[in-house]
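A.B. asks: Quick one, what's the 3D model for this:
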Amino acid sequence: MATTRSAHTVWEGSLLDGNGVVTFDSSGAIGEQPVTWAARSQEPSGKTSPEELIAAAHSSCFSMALSHALAGAGNPPSRLVTSADVTFQPGEGITGIHLTVEGTVPGIDNDSFVSAAEEAKVNCPVSQALKAVPITLSAKLA
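C.D. replies: Numbering: from 1, shown residues only. Below you'll find the predicted structure:
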């Protein structure tokens, strides 16, 4: 069954001087979050950005995909710690994403873990949606 998740942003003012608020409509799990151009292109200063939201989506999706692949191969993970670094270059856009994962997976060697992580990187739905951006990966067992 297909699912749809929704968020909305209210923006006021120009790009450089304006500000906005992102609201997570579907879950309500995350309170309203402020966004500004300065937070996107300079220091966050307590505000989020589209790139941070993409990083959160990508790290969680990748973790789910990797967990599923490992369990399907008979080695469910005890723990996966994944970070996603989304690079934004003003004037160019998003220029790359780097995933880093460290896993505790009983009964698997590092090469098998790295192979499963590479497969998850390619096949997770967020990676599929972001195919236009170079995605790199560092993976190792804890």
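A.B. asks: Spatially central residue in the protein, please.
C.D. replies: residue 58 (2.3 Å; CA atoms, centre = their mean).
A.B. asks: Quickly find the element holding the spatially closest residue to residue 124 that is not a sequence neighbour.
C.D. replies: Spatial nearest neighbour of residue 124, chain neighbours left out: residue 65 (3.7 Å); criterion: CB to CB, 6 or more residues apart in numbering. Bear in mind the C-beta positions are built from the backbone N, C-alpha and C, glycine included. Using DSSP states H and E, residue 65 sits within helix 50-72.
A.B. asks: Check which element follows that helix along the chain.
C.D. replies: Helix 50-72 is succeeded, C-terminally, by strand 79-89 (DSSP H and E).
A.B. asks: Low-confidence stretches in this protein?
C.D. replies: Counting by pLDDT under 70, the chain contains no low-confidence range.
A.B. asks: And the helices in it?
C.D. replies: Ranges of helices within the chain are 37-41, 50-72, 110-123, 125-129, based on DSSP state H.
A.B. asks: how far is the helix holding residue 65 from where the chain is centred?
C.D. replies: Its chain's C-alpha centre and that of helix 50-72 lie 6 Å apart, by CA atoms, centre = their mean, to the nearest Å.
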